[in-house]
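Asker: Using only what follows, build the 3D model:
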Amino acid sequence: MIQIGKILKKVPIFRMLGKESIDFIVERLKFKTFSANETICKIGDPGDEMYIIISGNVKICIYDENGENEQVVATLQSGDYFGEMALLTGETRSASVITTEDSETFVLQKNDFDVILEKFPSISLSMGKIVSQRLRETLKKATQTHKTDGISTSQNGPSGNLKDVALVDLISFCESNSLTGTITIKNGTEKGLFEFETGVLKHVELGEKQEDKALDTMLEWTEGDFQISVRPLTLKKDDAHTEEPPKRILITNNSLVVRKIVERAFKGLGYNVVTAKNIADSLNAMDKDPVDIIISDIKLPDGSGDVFATQARSKGDIPFIFLGDNSVRSEFEQRLNDIGNAQLTKTHEVSEIVKLVENLI
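Answerer: The predicted structure is shown next:
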């Protein structure tokens, strides 16, 4: 089961944040769907959004200077994310992201992220350190202007000779394109190897030399054939034995559209979902299989939300989330207290409903 808060905690720039900050971010996520083979963003687009994949699959692609010879450098799926650094740097996209099947995402836009930084100014200092470190490491290895004119692209990956492209520019090329794969260099009888994972240099090899000596030696090479081999990356999920059985959610609403939108979002997050249009159908569904959480409208065709809660509680103390807004809050507040173990949403935003559910489990 996907929990948005836990995914955000895995993102490097959010890793140091507390629960209050994470919840504040989750409230500002927008739900967005894409069809198969649809371009979410392309090289050169403004880097003003971060995406979390709820369901579906996408590929991260780069192209040669003619916009041809597509290279898939990563594949991402449910529970993965991309575009997080753009929220800080504002840099244009260095790769294109294309869906390979119908996909659903949560999106965090930069203007919302700026609100987050304004509310929690201390996190900008920690995040600034991440960006500064990344920039310093890149500048040590690469010139400010990437010279990739000497790189040709084949089915085996980009290749060329160091007399046309300096090694520091090759390293920068791999970093800026978030490549996962290797650079292999042959200089006479010597053969060097650089291993990258999502643009981060993980290993350097040259004979029996230690990594720092191997790097220093190869940085001085002015000749040698190189081959960049990229491989698709699928981010690892938690081990199956650590996953809990999916929670069962009952969505009760007279509107078919509301039921479908909320159902689709929670199914994409790995929940077991059942829907009903009224109280009677809901109680019948609960007789067949118990539920863990009920998401209900305040007014239903055959009764009010508090009547529904009273009847449902005969089957157990099941948490309720009522869909409402500030216009009905004051009227429903006292009844909400009488119901107990129930919450009222401020809006009908899917991200807010997700946050409330995840706080309950």
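
Asker: what's the nearest residue to the spatially most central residue of the chain if we skip its chain neighbours?
Answerer: Geometric centre of the chain, nearest residue: residue 81, 2.0 Å, by CA atoms, centre = their mean. In space, and not counting its chain neighbours, residue 81 is closest to residue 52: 4.7 Å by CB to CB, 6 or more residues apart in numbering. Glycine gets a C-beta too; all of them are placed from N, C-alpha and C.

Asker: same check, this time on residue 186
Answerer: Nearest residue to residue 186 in three dimensions, chain neighbours excluded: residue 225, at 5.0 Å (CB to CB, 6+ apart).

Asker: Tally up the residues packed near that neighbour, please.
Answerer: Residue 225 has 13 neighbouring residues, counting by other CB atoms under 10 Å.

Asker: That one touches residue 161, doesn't it?
Answerer: Yes - if you go by CB atoms under 8 Å, residue 225 and residue 161 touch, sitting 5.6 Å apart.

Asker: Please, where are all the helices along this protein?
Answerer: Per DSSP state H, the chain carries helices over the ranges 4-10, 19-26, 86-89, 110-119, 122-141, 167-176, 211-219, 256-268, 279-288, 305-312, 326-339, 350-360.

Asker: Which positions in the last one come out as buried?
Answerer: Meaning helix 350-360. Of all the residues in helix 350-360, those buried under the rule 16 or more other CB atoms under 10 Å are 350, 351, 352, 353, 354, 355, 356, 357, 358.

Asker: Can I get these in CSV including distance to residue 86 and pLDDT?
Answerer: Output for the buried residues of helix 350-360, formatted as CSV (distance: CB to CB, whole Å; pLDDT from 0 to 100):
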residue, distance to residue 86, pLDDT
350, 23, 80
351, 19, 78
352, 24, 81
353, 27, 86
354, 23, 85
355, 23, 81
356, 28, 86
357, 28, 86
358, 25, 82
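
Asker: how much space is there between the residue lying closest to residue 246 once chain neighbours are set aside and residue 182?
Answerer: Excluding its sequence neighbours, the residue lying closest to residue 246 (CB to CB, 6+ apart) is residue 272, at 4.7 Å. Distance from residue 272 to residue 182, counting by CB to CB, to the nearest Å: 42 Å.

Asker: Compare those two (neighbour count), which wins?
Answerer: Set residue 272 next to residue 182 and count neighbours by other CB under 10 Å: residue 182 wins out with 20 against 16.

Asker: If I look at that one, what pLDDT would I see?
Answerer: On pLDDT, residue 182 comes in at 88.

Asker: Could you number the chain from 668 rather than 1 from now on?
Answerer: Okay, using 668 as the starting number, the last item reads as residue 849.

Asker: Looking at strand pairing, list the partners for it.
Answerer: Beta-bridge pairing for residue 849 (DSSP bridges): residue 862, residue 896.

Asker: Show the contacting residues for it.
Answerer: Residue 849 is in contact with 860, 861, 862, 863, 895, 896, counting by CB atoms under 8 Å, 6 or more residues apart in numbering.

Asker: right, and the fifth one touches residue 838 too?
Answerer: Read it as residue 895. No - with contact defined as CB under 8 Å, residue 895 does not count as touching residue 838 (10.5 Å).

Asker: any shared contact partners between the two?
Answerer: Both residue 895 and residue 838 are in contact with residue 850, where contact means CB under 8 Å, 6+ apart.

Asker: For residue 675, see how far away residue 1022 is.
Answerer: According to CB to CB, residue 1022 stands 11 Å off from residue 675.
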